[in-house]
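Trainee: Requesting a structural model of the entry that follows:
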Amino acid sequence: MQQEQESHDSGNLGRGDGETWRGAVPASPRPSVSASSRRYGAALRPWVPPKPVPPAFLALFPELPGVVAAVLYQRGLGDAAAARTFLAPQAAPLHDTALLPDIAPALDRLAAAVRAAERIALYGDYDVDGVTSLALFGEALRLAGAEPLVALPRRDREGYGLHMSAVTALAEQGTRVLVTLDHGVGAAAEVAEARRRGIDVIVLDHHEVPPRMPPALALIDPKRADSRYPFRDLASVGLAYKLATALLERAAPAAAAAFADRALDLVALGTVADVAPLVDENRGLVARGLAGLNAPAGGRVGLRALCAVAGVWPGRIRARTVSHTLGPRLNAAGRLDDARLSFDLLTTQDTAQAEHLARALDELNRERQALTEQLLVQAERDLDGGLPLALVGGPDYHLGVIGIVAARLVDRWARPAVVLHHGAAEVRGSARSVEGFDVAWALRQCAHLLTRNGGHERAAGFALAPEQLGPFQHALQALARERLGDKAAPPWRIDAEVRMAELTFELARALDLLEPFGEGNPPPLLLLRRVRVGERRRVGRPAPGAHLALLLTDGRRRLRAIGFDMGERIGALPDVLDALGYLELRELPRDGTLELRLRLCDLRPAA
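Mentor: The predicted model follows:
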């Protein structure tokens, strides 16, 4: 169940890769928003100032700009050894795979199946985490000497997870071992049916474990209550990587080391795209995988082709590139078409096929962007601003983008959001949340009204019968009101207060030492006080411009700034303000040169 980071991927501001100063594309303006809704808005999020940094801590890092050392301190890395480990994620050791729950029976059964040439089936999911898990594990099995059967559901047909029809089809094809990748933890009935048909099921999943666990031969999920694994937040592709490398060390040791290095690019893609926390083991895995993606030569044919159509080049690929440029294109197949397009791209060895698939995914992503913008306008029109949880939906809400629309509503209004697709026989929903409201927990409290549900604290999905929609909406709003009450929106936690003179190319490059940035390790949030607004305009789609573009100055230096989904604030913008945002180096699409800019998070009149 993928959380969306696609709020502002390439394309929301024209063709491109960020702001454009050449005017907005004509479209219907966003509707005005009621005062009751605006009380949940981003402008009302509290600002939490940084803790004072002891001079003794700054003295431990004479080689770093003071701002970078201050960020380390704010992130709880007050110990010098922990801070230096954080700065070298590629060198951090990985946890012992043997500590994963049920890893031993899973390895034993897979090794036996390989030796006996039994039919092994892999059943993935249609998001990037599921597709990368499928590609990675399929490659490992082939190196071990097996030829697995690969199955992928379609979002618009089967929907998420393992289904009875899939179990029947796999059994008829002679499957003896079934590995579910990125789902299965909530499929107790389906796993029981597979077992009845003589199929041993290995569930590899990272979602929250429900009270009724599936009767699988092995359930590999570090979120199990009895798990001894020291890190619970691996993405499914990280779990697939751990299981696959352990299998190859046993079944094909000569191939194990090369595979372990080569497969890290897939781990980085799936982990970042699924918004898994980039801390602990995920941080090390993603850092290693990004290094592979940035290698000047080699790598997967399909990923090279995808980078080319997206205007991304080795050496400049960051976690953000995955979440906002590569990930959305890989996800577009499962949203609007068939996820096998992305699977084929990741596994092909043919350059011509890779280029064809990359162009197809790029086109699907453009369609997805246009559909998302259209539905976001509709969602904000339908939104009841007086409720603690944003809930919208209808038959016109495309199933493939309801998760993105929910994520955009959370970004815009800083409250939980649920977006529903009303089908003839079933209502399906996607939920995203904020700090302080565990949406997966909330759905479990409503399980008696749902036909299925699952996910994480911040992202989840579900389905229900149409006649249960009214009671479900009432129950979910009551839970949100109980947990959130009149709490302020989640705060902005400031990492450092800076002067305009400190915002340099050198500082931006030094902040790159804290990469990879993402969930659990956001870019450093910087506060710039008492700056003047030299230019202001609305940019992007829909007209008159959803986004706010500014030129900030302290009288000596100037800095461009962009505030996504902040265009409506242009009318109330003071001439002198305090700005909160992330410093970034942006590659200009016209010639590849770098521009320094501030990605705005919030603005206030100068104190």
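Trainee: Just want the most central residue of this structure.
Mentor: For the chain, the residue nearest the mean C-alpha position is residue 275 (2.9 Å; CA atoms, centre = their mean).
Trainee: isn't that one right up against residue 323?
Mentor: Yes - between residue 275 and residue 323 there is a contact under CB atoms under 8 Å: 7.5 Å. Any C-beta I mention is one placed from the backbone N, CA and C, and that applies to glycine too.
Trainee: picking that back up, and the residue nearest to the centre of the chain, helix, strand or coil?
Mentor: Following DSSP: H, G, I helix; E, B strand; the rest coil, residue 275 is assigned to coil.
Trainee: Mind giving me the packing neighbours of the top helix by length along the chain?
Mentor: In the chain, with assignment by DSSP state H, the single longest helix is helix 351-382. In terms of contacts (3 or more CB pairs under 8 Å, 6 or more residues apart in numbering; DSSP states H and E), helix 351-382 is packed against helix 301-310, helix 327-336, helix 340-347, strand 390-394, helix 402-413.
Trainee: Would you pull up how far the last one lies from the middle of the chain?
Mentor: A distance of 13 Å separates the centroid of the chain from that of helix 402-413, by CA atoms, centre = their mean, to the nearest Å.
Trainee: cool, and the second one?
Mentor: Computed by CA atoms, centre = their mean, the separation of helix 327-336 from the middle of its chain amounts to 12 Å.
Trainee: can you state the direction angle for that helix and helix 340-347?
Mentor: Counting by axes from the mean of the first three to the mean of the last three CA atoms, to 10 degrees, helix 327-336 lies at 140 degrees to helix 340-347.
Trainee: Show me the least confident stretch of the helices and strands packed on helix 351-382, going by mean pLDDT.
Mentor: Lowest mean pLDDT within the helices and strands packed on helix 351-382: helix 402-413, a mean of 92.
Trainee: If we go by neighbour counts, what in the next helix or strand after it is buried?
Mentor: Note on helix 402-413: by DSSP states H and E, the next helix or strand toward the C-terminus is strand 417-422. Residues of strand 417-422 classed as buried: 417-421 (neighbour count, 16 or more other CB atoms under 10 Å).
Trainee: now, among the residues you listed, which is nearest to residue 152?
Mentor: For the buried residues of strand 417-422, the closest approach to residue 152 (CB to CB) belongs to residue 421, at 20.3 Å.
Trainee: doesn't residue 397 make contact with the closest one?
Mentor: Yes - using CB under 8 Å, residue 421 is in contact with residue 397, at 5.0 Å.
Trainee: per the record, what domains does this protein have?
Mentor: Split into domains by automatic domain parsing, the chain comes to 35-46+491-605, 97-266, 383-484.
Trainee: Would you mind telling me which of those domains is nearest residue 295?
Mentor: Closest among the domains of the chain, using CB to CB: domain 97-266, at 9.0 Å.
Trainee: so how far does the closest one reach from one end to the other?
Mentor: 18 Å (CA to CA, to the nearest Å).
Trainee: Please save the CA atoms from the strand of greatest length in the chain in PDB.
Mentor: Using DSSP state E, we find that the single longest strand of the chain is strand 526-539. Only the C-alpha atoms of strand 526-539 are listed here, as PDB (Å, rounded to 0.1, in the frame of the first residue of the first chain):
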ATOM      1  CA  LEU A 526      15.400  26.500   7.400                       C
ATOM      2  CA  LEU A 527      14.000  29.700   8.800                       C
ATOM      3  CA  LEU A 528      14.800  33.000   7.000                       C
ATOM      4  CA  ARG A 529      13.700  36.100   8.900                       C
ATOM      5  CA  ARG A 530      12.700  39.500   7.700                       C
ATOM      6  CA  VAL A 531      13.300  39.200   3.900                       C
ATOM      7  CA  ARG A 532      11.600  41.400   1.300                       C
ATOM      8  CA  VAL A 533       9.500  40.200  -1.500                       C
ATOM      9  CA  GLY A 534      11.000  41.500  -4.700                       C
ATOM     10  CA  GLU A 535       8.800  39.700  -7.200                       C
ATOM     11  CA  ARG A 536       5.700  37.600  -6.800                       C
ATOM     12  CA  ARG A 537       3.500  35.700  -9.200                       C
ATOM     13  CA  ARG A 538       1.300  32.600  -9.600                       C
ATOM     14  CA  VAL A 539       2.600  29.800 -11.800                       C
END
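Trainee: which parts of that strand are buried?
Mentor: Neighbour-count burial for strand 526-539, counted by 16+ other CB under 10 Å, picks out 526-529, 531, 533, 536-539.
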